[in-house]
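Colleague: structure of the sequence below:
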Amino acid sequence: MNTHSHPDGDIILRSLQGTLFPLHSYTLRTTSGLFRTIFTLPQPCSPPPTPIIIPIYEPTSLLTQFLPLLTGRPSPKALHTLDLGTLTRLLVIAEKWDAPGPITYIRNVINGSHFIDQHVFFPYSPFRSVFSPEEDEFDEECTDEYLGPLTGFFRTDPVRVYVLSRHFRWRAEAERAAVSLLALSEEEVERRWVDVREGRLSRFEESAEEEEGEGEDATMFMVTNRAWDSLVELRRRRCGRFKELIDSQERFTAGNNPNNACIRCSTKLDNTSWTELKSAMMAELESRPLGDTVLAAMAVPAGAASTGRRSEGEAWHELVSCFQAQCPVKGCGAANYDPLATIKQIRKCVKELPWRVGWDEDI
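Modeller: Residues are numbered from 1 along each chain as shown. Here you go, the predicted structure:
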């Protein structure tokens, strides 16, 4: 049995491994609802000659990280250097102890506000178009479009962040994690969900050395059917809404008009190329409901070459065929569709898709 180096206190917490953590009861009473309740119970008339030892069924490694969050002392390891599994186990202790302070600290590390100023999250706010709807030009210096806010744990372990956020009622973080999961196929999301539900550690934590009492993935106890249903519902709503928008004759007057006629010679036109492009966009969105790959395809100039494959920086062959479609009348050759106006509308359709995951208060 060894005593952890700490200022003297009238209470000693003993870990699973027998390490002793002396603390002042005042600190515990003011930072933990659990200990505040314990210390309101009838106490001896005179203080005991030696500190009271309270067994805490938590490993030394976690208490070493957690107790400084209560006392305000520096932790042996900075919170932002810990993996999500360790942060989760610290959150579980904070929840059991009814300690809101540590929960706030850990939440700030998970959502990234420990490093950057927080702002209202919107999934497409950092997007910058590389294809100008007003000008027929392609800016080669611009980069592809990615979701800047979806970094850190939101990118590496979005399922666990989502489950954690639902459990602790962190709506903003749950929405960000749900949006990140839209970048994955439904099969991949389900596979990761099952891993969490069955307690399998993530690939970022498998090699970590474990101490008695800390090898279990605490997230598995936070998984609910409602949380999963909300994810599936969000994907369905986005795909359903996108189909409604691209089938709208008000938005796509020419392509969705069964009597579409040439603007020059009034010859009835064949809308097959537009129908094929819609099918391609729907298939892409169903595979990756985030919609960023559809937006990226619209950023490639219509005249770019296509090999018929979905390669980054290449135009989709359906897109090329659609915008190369012309009136069949000899000597006319008017374009069936306006590429700039069509791309602008498609981008609007993607950005108007719902992205807020269902919440209990919304039921």
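Colleague: measure how far the lengthiest helix in the chain is from the centre of its chain, please.
Modeller: Identified as the longest helix of the chain according to DSSP state H is helix 225-246. Centroid separation for helix 225-246 versus its chain: 15 Å, with Cα atoms, centre = their mean, to the nearest Å.
Colleague: neighbouring contacts of it?
Modeller: With contacts defined as Cβ atoms under 8 Å, 6 or more residues apart in numbering, helix 225-246 is touched by 162-163, 166, 178, 181-182, 186, 189, 193, 251-252, 278, 281-282, 285-286, 289, 291, 346, 349-350, 352-360. Just so you know, the C-beta spots here come from the backbone N, C-alpha and C atoms, and that holds for glycine as well.
Colleague: try 7 Å this time
Modeller: Outside helix 225-246, the residues that touch it by Cβ atoms under 7 Å, 6 or more residues apart in numbering are 163, 166, 178, 181-182, 186, 189, 193, 251-252, 278, 281-282, 285-286, 289, 349, 352-354, 357-358.
Colleague: ok, now stretch 319-339?
Modeller: So stretch 319-339 is contacted by 254-255, 262-265, 267, 269, 273-274, 276-277, 297, 302, 306 (Cβ under 7 Å, 6+ apart).
Colleague: neighbours around Thr272, how many?
Modeller: With neighbours defined by other Cβ atoms under 10 Å, the count for Thr272 comes to 12.
Colleague: and if you look at Leu353?
Modeller: The burial count for Leu353: 21, using other Cβ under 10 Å.
Colleague: can you count the residues close to the spatially closest residue to it that is not a sequence neighbour?
Modeller: Excluding the flanking residues, the one nearest Leu353 by Cβ to Cβ, 6 or more residues apart in numbering is Arg238, at 4.6 Å. Counted by other Cβ under 10 Å, the residues lying close to Arg238 total 20.
Colleague: any low-confidence regions in the stretch 151-300 of the chain?
Modeller: 202-216, 300 (pLDDT under 70).
Colleague: go with 90
Modeller: 151-152, 155, 199-221, 292, 296, 298-300 (pLDDT under 90).
Colleague: from the contacts of stretch 319-339, which two are the most distant?
Modeller: For the contacts of stretch 319-339, the maximum inter-member distance is 30.9 Å, found between Cys265 and Ala297 (Cβ to Cβ).
Colleague: compare these two (neighbour count), which wins?
Modeller: Just comparing Cys265 and Ala297: by other Cβ under 10 Å the higher neighbour count belongs to Ala297, 22 against 12.
Colleague: I'd assumed Gly291 was in contact with the more buried one.
Modeller: No. Assessed by Cβ atoms under 7 Å, Ala297 is found out of contact with Gly291, at 10.3 Å.
Colleague: any chance you could map the strands in the chain?
Modeller: Secondary structure of the chain (DSSP state E): strands located at 11-14, 20-23, 52-55.
Colleague: can I get the CA coordinates of the second one in CSV?
Modeller: Spelled out, that is strand 20-23. Output of strand 20-23 as CSV, limited to C-alpha atoms (Å, rounded to 0.1, in the frame of the first residue of the first chain):
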residue,chain,number,x,y,z
LEU,A,20,-4.2,6.4,-0.9
PHE,A,21,-5.4,9.9,-1.9
PRO,A,22,-5.6,12.4,1.0
LEU,A,23,-8.2,15.1,0.4
